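Novice: The sequence isn't on hand, but the structure is:
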């Protein structure tokens, strides 16, 4: 079992920045590839960013490429999402998730999820 706890969400004006953190406990953090997803009201959960176990490769949704950066610190069992140049359409609940295998962009491939943190971007 892996427990994931997100933090760092909040209210920010358009053009601002936030950094989300997700701390894992339980099994060895470095055994899992990690991802960030988001879900806006009335919409399906969508992939935002993913990172391999070692952090050697990262992946991004087109909508956040160039603005968001995912990173991880295996010594701290933490994955981060740095969000810059935020837009109102980035408003959503953001979730971190851990997976053992499968494609990085399908939520069905993730085994563990955090409770989510709200990000609200005002115009």
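Specialist: Thanks, I have the structure now. Small disclaimer: the values here were computed from a predicted structure and weren't measured.

Novice: Residues touching the helix or strand that contains residue 121, excluding its own?
Specialist: For residue 121, the host element (DSSP states H and E) is strand 117-122. Contact with strand 117-122 is made by 6-14, 16, 18, 20, 38, 83, 86-94, as judged by CB atoms under 8 Å, 6 or more residues apart in numbering. (C-beta placed from N, C-alpha, C; glycine too.)

Novice: Helices of the chain, residue ranges please.
Specialist: For the chain, no helices are identified by DSSP state H.

Novice: picking up where we left off before, filter the contacts of strand 117-122 down to the buried ones, ChimeraX style.
Specialist: Of the contacts of strand 117-122, the buried ones go into a single ChimeraX selection, burial set by 16 or more other CB atoms under 10 Å:
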select :6,8,9,12,18,20,38,83,86,90,91,92,93,94
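
Novice: picking that back up, roughly how far out does the strand holding residue 121 sit from the chain middle?
Specialist: How far strand 117-122 lies from its chain's middle: 13 Å, per CA atoms, centre = their mean, to the nearest Å.

Novice: Could you do stretch 3-13 as well?
Specialist: Worked out by CA atoms, centre = their mean, stretch 3-13 lies 10 Å from the chain centre.

Novice: same check, this time on stretch 28-46
Specialist: On CA atoms, centre = their mean, the centre of stretch 28-46 falls 5 Å from the chain's centre.

Novice: try stretch 61-75
Specialist: With CA atoms, centre = their mean, you get 8 Å for stretch 61-75.

Novice: Now that stretch: buried residues?
Specialist: Neighbour-count burial for stretch 61-75 flags 61, 64, 68-70, 72, 74 (criterion: 16+ other CB under 10 Å).
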